[in-house]
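# Quick one, fold the following:
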Amino acid sequence: MSPQKKRRRAESRLFGSFGRSGENFRRKVRPEPKKEKNPRRSVARRVLFVGFGLLLGAGALVARSYQLQIITGDHYDDAARRQAVGSERITAKRGVIKDRHGAELAITVDVDSIYAEPRRIKDAAEVARKLAPILGVEGPRLLEQLTSDRAFVYLKRRVGSEEAAAVKVLEIPGIGARPEARRFFPNRELAAHVVGFTDSEGVGRSGVEKTFDDTLRGQSYDVPALRDALGNQVLSEGFVPQAVLEGDDVVLTIDRQIQHAAEVELERTVEFNEAAAGVAIVLEPSTGDVLALASYPSFNPNDLGGAVPGADLNRTTSAVFEPGSTLKMVTISAGLEDKKIAPSDHIDCENGRWRVGGRTIGDTHRYGSLAISEIMKVSSNICSAKIGLMLGRERLHEWLTRFGFGAPTGVPLPGELPGLLRPAASWREITLANVAFGQGLSVTPLQIAQAATVLANGGVRVSPRLVLGTVDKAGATKPAGEPRTERVVSAETARLVRDMMIEVTHKGGTAEAAAIPGFVVAGKTGTSQKIDPVTKSYSRSLYVSSFVGFVPAEKPEVLVLVMIDEPKKAYYGGTVAAPAFKAIATAALSARSIFPEDGAARDAFLASYRRSAVEPKNGGKTEDLGIERQLSAAARALVGGARPKAPSGTESPAEPVLSSGEAALVGATEKGPEGAVRMPNFAGLTLSEVLNRSAEVHCDLVLSGGGKVVGQTPSAGTAIEAGQRCELHLSPRG
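Here you go, the predicted model:
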């Protein structure tokens, strides 16, 4: 018997008496040994478990990928692009504003702007302490910027060259300078009201800068660029040629020399007479070209913060005045044209006092019967009022409208006013009488100058023109449209009134001070009372003094208006405004190389010019940023643009119309009766300006020096021959 069987039998005998419970006890006391596990089955279970885990993870990964790429993919794609891809703003360089000869009046230059990268700055307080005195910014403000959580921040934009250099010398990590465009006006106050100014972002806000903002601004583009982890641009993904973006240049009719002369004389006249303000306008009557448009007080568009309140008001177009006796040229023209009066007629001037409409009209002097030709010369209010009553309110109102009053002239300047010309139906008898001699209506100074072109042009009104055209960067020119012309009165009427205006500047007239040696001057004075803002009636102490005239009277080259607001020392137009007219007209004629033919008269004229000439403001210096520029010659195709054709039957001195390809150079040397060419006046011009005008000189031009012209041989106005040696002496450079 085997040992195992013996053991089981022994156990049965030992526990048999306990029955089934004994068997159970036996099993508990000594359980049967377990069977051994199968290794293959264990491995299979483990593989199954790991595979299930991998499948679950893969499912989660697929689900997350689906969420990131499909459901929210656009969001994260945009976020990635914003972080890694930026854009570089390629800003178009603003076009240049030039005068009729190509001289720059407004340009765009690159200047430094100081910036910081706050994340790279370790000691912000120390950096703020160093930069504050250089930039002129308060320390706490700088510290706030330097501790910003932004990656990039400007500390001060468009600083001067000295400030930028001082910052660069410090070599502070995280502080740098980058170029930004800045509008710059190299001639400071010169033609400030015409040119206007821009805001800090380069958008035109005044003058031509505003009117032609779209033309000057050009096109700007955002070019994609890659950035590193610190936000620094590392690669640009595109390129746009700067020339494609740049704005067009705008060429004005303004003559910088004449503008300067007008501004200097206007300022002198206003200050000498302790006046509140003043206006000076110079037109070329046959074309309507505005050669000068001056308003005082003025301002420096490079430093708007330093301007006095109201200095930016352009009083030539955006302020109105009662014209006073300058309007008598309209009243008398209307009376002659409507046959209400004849040159041989006489009118009773009531010995200086006349009652009409319940009011009394007075003259400065007591006159009895005056011939029509004398009314203009002595400027009788009473006789002018009687002519107005002869015309009637409807007819006089119509004539005023035809001369251009009551509507804007159309010059491209923002804020031009139409003036105030009330409907004729509202005029009472006294209103009609007052309007006839220039009270009871409001006009802009440019409207008066426009009305005077009717008499200067043989009866044809020519609207003022301020812009000759535009020039793109390829040199292509786009001429502006021709000025509007309209025949207002007959050539005979214009001649008769012009002859009366000539008498105004002769002995016994109200404007002897306007006479210019060697030339016949036609003009009219004006002295109007202003409304007292307190009493709401005409003041006995507030006046507007004015003079408008043209020269030479028989073939006008320049038309000049001077208006002085609230002079204190004197108030008659012949005393206050006429001398300023003489100085400005003399300078304008000289700048255009127009001199008397007679030798003695020319000497007297030049002597008069030298007496009236003054040094430029600020010693002739212009603001500069240390850059060298060359004047573009492309604008010269626009200079001397086409002159308008006058209606048939006129005796207007308008020259033949020129096509754009035949445009002649304005300011070219005049030829005498034998064909001799006269030496232009180069006084005060810079070397670049001399070179730009060198085409006017047909002699062997020799230059010495490099600054501004201080002398010339032969002198201005002298007849010169082809090939003759002509010397220009310039001051030393700098």
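# Next, count neighbours for residue 340.
Residue 340 has 17 neighbours, counted by other CB atoms under 10 Å. In this view, the C-beta of every residue, glycine as well, is placed from N, C-alpha and C.
# now do the one 10 residues further on
Neighbouring residues of residue 350 were enumerated by other CB under 10 Å; the total is 21.
# Next one: it from residue 369, what distance?
When distance is defined by CB to CB, to the nearest Å, residue 350 is 10 Å away from residue 369.
# remind me which residues of this protein are low pLDDT?
Applying pLDDT under 70 to the chain flags the ranges 1-8, 10-37, 79-91, 220-244, 609-677, 687-701, 703-707, 722-723, 731-734.
# 50 instead?
Applying pLDDT under 50 to the chain flags residues 18, 235, 237-240, 613-637, 639-675, 734.
# Give me the secondary structure label for residue 269.
Counting by DSSP: H, G, I helix; E, B strand; the rest coil, the backbone at residue 269 sits in helix.
# Tally up the residues packed near it, please.
24.
# what's the spacing between the closest residue to it other than its chain neighbours and residue 559?
Nearest non-adjacent residue to residue 269, counting by CB to CB, 6 or more residues apart in numbering: residue 580, 4.3 Å away. Residue 580 sits 14 Å away from residue 559, going by CB to CB.
# Reduced to three states, what does the residue nearest to residue 269 come out as?
Following three-state DSSP, the label given to residue 580 is helix.
# who's in contact with it?
By CB atoms under 8 Å, 6 or more residues apart in numbering, residue 580 lies in contact with 265-266, 268-269, 280, 547, 562, 564.
# Format the residues you listed as TSV; extra columns: distance to residue 420.
TSV is the format used below for these (distance: CB to CB, whole Å):
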residue	distance to residue 420
265	29
266	25
268	31
269	26
280	23
547	22
562	22
564	21
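# Between those, which sits nearest residue 574?
Ranked by distance to residue 574 (CB to CB), the contacts of residue 580 are led by residue 547 at 7.1 Å.
# neighbours of the closest one, just the number please.
33.
# Residues in a beta bridge with it, which ones?
Beta-bridge partners recorded for residue 547 (DSSP bridges): residue 525, residue 562.
# Correct me if wrong: it contacts residue 523.
Yes: the pair formed by residue 547 and residue 523 meets the contact definition of CB atoms under 8 Å, at 5.8 Å.
# shared neighbours, those two?
Shared contacts of residue 547 and residue 523 (CB under 8 Å, 6+ apart): 511, 514, 578, 581.
# out of the residues you listed, who's nearest residue 429?
residue 511 (30.5 Å).
# any idea how far residue 582 is from that closest one?
Distance, residue 511 to residue 582, using CB to CB: 9 Å.
# Ok, residue 118 next?
In this view, residue 118 and residue 582 are 64 Å apart by CB to CB.
# When these two are compared, which one has more neighbours?
More crowded of residue 118 and residue 582, by other CB under 10 Å: residue 582, with 27 against 17.
# List the residues that contact that one.
Applying CB under 8 Å, 6+ apart, the residues contacting residue 582 are 513-516, 608, 612.
# got the shared contacts of residue 547 and residue 523 as JSON lines, with distance to residue 438 columns?
Output for the shared contacts of residue 547 and residue 523, formatted as JSON lines (distance: CB to CB, whole Å):
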{"residue": "511", "distance to residue 438": "15"}
{"residue": "514", "distance to residue 438": "18"}
{"residue": "578", "distance to residue 438": "17"}
{"residue": "581", "distance to residue 438": "18"}
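# For residue 78, state which of those is nearest.
residue 581 (68.2 Å).
# hang on, that closest one packs against residue 549?
Yes: using CB under 8 Å, residue 581 makes contact with residue 549 at a distance of 5.9 Å.
# Can you check which residues contact both of these two?
Common neighbours of residue 581 and residue 549 (CB under 8 Å, 6+ apart) are 511, 514, 523, 560.
# and the first one, how many neighbours?
Just to be clear, that refers to residue 511. 28.
# show me what contacts it?
The neighbours of residue 511, taking CB under 8 Å, 6+ apart as the test, are 504-505, 523-525, 547, 549, 573-574, 578, 581.
# Apply 6 Å and report the result again.
504-505, 523, 525, 547, 574, 578 (CB atoms under 6 Å, 6 or more residues apart in numbering).
# any idea how far it is from residue 504?
Look at residue 511 and residue 504: by CB to CB, they are 5 Å apart.
# Find residues that contact each of these two.
With CB under 6 Å, 6+ apart, residue 511 and residue 504 have common neighbours residue 523.
# Would you check which pair of the contacts of residue 580 lies furthest apart?
Based on CB to CB, the longest span within these runs between 268 and 547 and measures 15.4 Å.
# So for stretch 510-521, first residue to last residue, what's the gap.
Criterion CA to CA, to the nearest Å; first-to-last residue distance in stretch 510-521 is 13 Å.
# if I pick residue 164, what's in contact with it?
Contacts of residue 164 (CB under 6 Å, 6+ apart): 112, 177.
# same for the longest helix anywhere in the chain, what does it pack against?
Longest helix in the chain, counting residues (DSSP state H): helix 39-66. The contact analysis (3 or more CB pairs under 6 Å, 6 or more residues apart in numbering; DSSP states H and E) places helix 39-66 against no helix or strand.
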